[in-house]
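Engineer: give me coordinates for this.
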Amino acid sequence: MEKLMQYVWQHRLFDPSRLTTVDGRKVRVIDVGRLNTDSGPDFFNAKIGIDGYVWAGNVEIHRRASDWRRHNHHLDPAYDSVVLHVVEVADTPVYRTDGEEIPTLVLSCSPTFRADYESLVTHSPSQSCARYIGDFDPVLLADWISSLAVERLQAKAQRLHDWLELYRGSWEEVCYVAVSRSLGFGINGDAFERLARSLPLRFMQKHADSLAQVEAFLFGQAGLLVEGEHAGDDYYTRLTGEYAFLRNKFGLTPINPDSWKFFRLRPANFPHRRIAMLAQYIHRGFNLFSRICEADSDEALRAIFKVELSGYWTTHYLFGHASPESSAVLGESAIDIVLINAVAPLLYACGVSTGNEAMTDRALALLESLRPEKNSIVRRFASMGVGVNSALESQAVIQLNNEYCQAHKCLYCRIGHKLLARSAMKP
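Structural biologist: The predicted model follows:
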């Protein structure tokens, strides 16, 4: 539990009036130091008062004092700069390489602290901190939600910056991959990303004047065109022939068709229509990123993605299986998903890259204006008393769930920290 003791020390979750060395000298913590995440002592540049003298140096923390020798610190000159050894159990004195004894402090917290920590990290969010969230200061909770939303947006922006380097500064290529991924609506997001990354936009731009060839590129590369299947389907047969030509011309290898998931999807959300919509965006040239940057309102952004399919895809959800005629468009909630997962991160990433604060602010404002996502994570946090009234807030609770709750990083969550701090300071 050294990590837990480091946490207690770093955040001063101890009673300063009760700090003494094992030999009875009064200890005053002036500066706990800076946490070291590499090799060497746990905290650098601490300032510790011992019996009226101030010592500047490092602090090492162990569960048991005997761990000092077990870790061979007594032989390592890097630990000669340690001015205080903080332990839970002082079972032996410790010494520097020259034989000088290092002052040892036994750090004790509330008996319930460790139990509360273990309860937090071993239970699901609904079983651990959920019952306390309603008592959390609303101002602090709102600030944490805002920070989480920005944290999630920054993580998405970093991925886009990685793609930008991969595509040699082409924002349109990055936009193509980002929009493609967003059309997967989570369950097929990875497959759409693999499809886009396996098929460079520049290849399709050479044939962008022909919708059939763009569709052949995408459906073939998705692994959904197999020669000889659906022999009575003229559209399918034509795309299969086109793809055979394009595959040979550009040296393409399709992705694994098993990448696509259909379980529990409504037919309207099958990947086929989404791929057909992506083809429409590419047909006659792909300039979505330019249009996104030029859009002066949320409605203008929404209009970019309002594409209606015609012909084959109004009566099909899959190849070779006719269905009753239906409207083949992205609904309002589907466009919201594209705006949340592609457009806002693109605006934010470009704003950061170019130093344009207006773009980063525009990304945050867009998320704040959109309706919250509807999923199990959002519903669970809403039932716990966390208000989720916009996409900005739904993105925040998704970040909280994925990066803190599921990873059991309660020590780094402001809610978990508040609960543990209250527990640690109990008499």
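Engineer: CA only for contacts and neighbour counts going forward, please
Structural biologist: OK.
Engineer: what helix or strand is Cys175 located in?
Structural biologist: Element membership of Cys175, judged by DSSP states H and E, is helix 171-182.
Engineer: isn't Phe217 right next to Lys206, touching?
Structural biologist: No. Using C-alpha atoms under 8 Å, Phe217 is not in contact with Lys206, being 11.4 Å away.
Engineer: neighbour count for those two, which is higher?
Structural biologist: More crowded of Phe217 and Lys206, by other C-alpha atoms under 10 Å: Phe217, with 27 against 12.
Engineer: that one in helix, strand or coil?
Structural biologist: Classification of Phe217 using DSSP: H, G, I helix; E, B strand; the rest coil returns helix.
Engineer: pLDDT score for it?
Structural biologist: Looking at Phe217, its pLDDT stands at 98.
Engineer: nearest residue to it in space, please, no chain neighbours.
Structural biologist: Leaving aside its chain neighbours, Phe217 sits nearest to Tyr243 (5.9 Å; criterion: C-alpha to C-alpha, 6 or more residues apart in numbering).
Engineer: did I read that right, the one you found in a helix?
Structural biologist: Yes. Tyr243 sits within a helix when classified using three-state DSSP.
Engineer: can you get me a residue count around it?
Structural biologist: The tally of other residues near Tyr243 (other C-alpha under 10 Å) stands at 26.
Engineer: and it, what pLDDT?
Structural biologist: pLDDT, Tyr243: 97.
Engineer: show me the longest helix that occurs in the chain.
Structural biologist: helix 138-166 (DSSP state H).
Engineer: now do it against helix 171-182, angle only.
Structural biologist: If you take axes from the mean of the first three to the mean of the last three C-alpha atoms, to 10 degrees, helix 138-166 sits at 120 degrees to helix 171-182.
Engineer: so which elements touch the strand ranked longest in the chain?
Structural biologist: Criterion DSSP state E: the longest strand present in the chain is strand 53-64. Here strand 53-64 touches helix 2-10, strand 43-50, strand 82-89, going by 3 or more C-alpha pairs under 8 Å, 6 or more residues apart in numbering; DSSP states H and E.
Engineer: hmm, 6 Å instead?
Structural biologist: Packing partners of strand 53-64 (3 or more C-alpha pairs under 6 Å, 6 or more residues apart in numbering; DSSP states H and E): strand 43-50, strand 82-89.
Engineer: how about the secondary structure of Glu227?
Structural biologist: coil.
Engineer: for it, what are its contacts?
Structural biologist: Glu227 makes contact with no residue, according to C-alpha atoms under 6 Å, 6 or more residues apart in numbering.
Engineer: for it, give its distance to Leu239.
Structural biologist: Glu227 sits 10 Å away from Leu239, going by C-alpha to C-alpha, to the nearest Å.
Engineer: ok, Ser180 next?
Structural biologist: Plainly put, Ser180 is 20 Å away from Leu239 if you go by C-alpha to C-alpha.
Engineer: out of the two, which sits in the busier spot?
Structural biologist: Neighbour tally, Ser180 and Leu239, criterion other C-alpha under 10 Å: the higher count belongs to Ser180, 27 against 22.
Engineer: that older thread, tell me what the helix holding Cys175 is packed against?
Structural biologist: Using 3+ C-alpha pairs under 6 Å, 6+ apart, the elements in contact with helix 171-182 are helix 189-198.
Engineer: quick one: what helix or strand has Asp296 in it?
Structural biologist: Using DSSP H and E, Asp296 sits in no helix or strand.
Engineer: contact partners of stretch 140-153?
Structural biologist: Leu392, Gln395, Ala396, Gln399.
Engineer: oh sorry, the question was meant for stretch 33-44
Structural biologist: Asn45, Ala46, Asn58, Val59, Glu60.
Engineer: whichever of the residues you listed end up buried, select them in PyMOL.
Structural biologist: To isolate the buried ones among those in PyMOL, judged by 16 or more other C-alpha atoms under 10 Å, type:
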select buried, resi 45+46+58+59+60
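Engineer: domain ranges for the chain?
Structural biologist: Structural domains annotated on the chain: 2-108, 167-330, as defined by automatic domain parsing.
Engineer: tally of neighbours for the closest residue to Leu400 other than its chain neighbours?
Structural biologist: Nearest non-adjacent residue to Leu400, counting by C-alpha to C-alpha, 6+ apart: Leu148, 6.7 Å away. Counted by other C-alpha under 10 Å, the residues lying close to Leu148 total 22.
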